[in-house]
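Chemist: Sequence first, predicted model second:
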Amino acid sequence: MVRLTVVTIFGLIGTVTTGFLGMNLLAEADAPVGQKLGIFALVFVFTTALTVYTMVKSKRLSDFLDVLSDERASAWQKIRALGLVWRRTGE
């Protein structure tokens, strides 16, 4: 299970990075190779940072999703669970 998770995480980074350029949000087909590589690197770094941050917060995000999917939890409990994702350790 751990290996599958690791492969998925690294696959996610590559998929988002290449998918961003493939969506044609930016008309860069005729741009110089250096400019395309710069955009690729920027998206790669941003996606990697976001993925690492998500992994760091994964336990708390998992707890939030558990509360969010609980039909018995009130709206206030769900909002509070979201806030707990960013609480400081030891509080």
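Modeler: All right, it came through fine.
Chemist: shaky segments in the protein?
Modeler: Of all residues in the chain, those with pLDDT under 70 make up the ranges 1-3, 6-7, 24-26, 89-91.
Chemist: Please enumerate the helices of it.
Modeler: 2-22, 33-56, 58-69, 75-84 (DSSP state H).
Chemist: now the residue lying farthest from the centre of the chain: how far from Thr51?
Modeler: The outermost residue of the chain relative to its centre, with distances by Cα atoms, centre = their mean, is Asp30 at 29.8 Å. Distance, Asp30 to Thr51, using Cβ to Cβ, to the nearest Å: 31 Å. Where you see a C-beta, it was placed from the backbone N, CA and C, and this is true even at glycine.
Chemist: and what of Phe44?
Modeler: 11 Å.
Chemist: And for Leu42?
Modeler: Distance, Leu42 to Thr51, using Cβ to Cβ: 15 Å.
Chemist: Please say which of these two ends up with more neighbours.
Modeler: Higher neighbour count among Leu42 and Thr51: Thr51, with 15 against 12, using other Cβ atoms under 10 Å.
Chemist: for the nearest residue to that one once chain neighbours are set aside, what are its contacts?
Modeler: In space, and not counting its chain neighbours, Thr51 is closest to Ile13: 5.6 Å by Cβ to Cβ, 6 or more residues apart in numbering. Ile13 is in contact with 44, 47-48, 51, counting by Cβ atoms under 8 Å, 6 or more residues apart in numbering.
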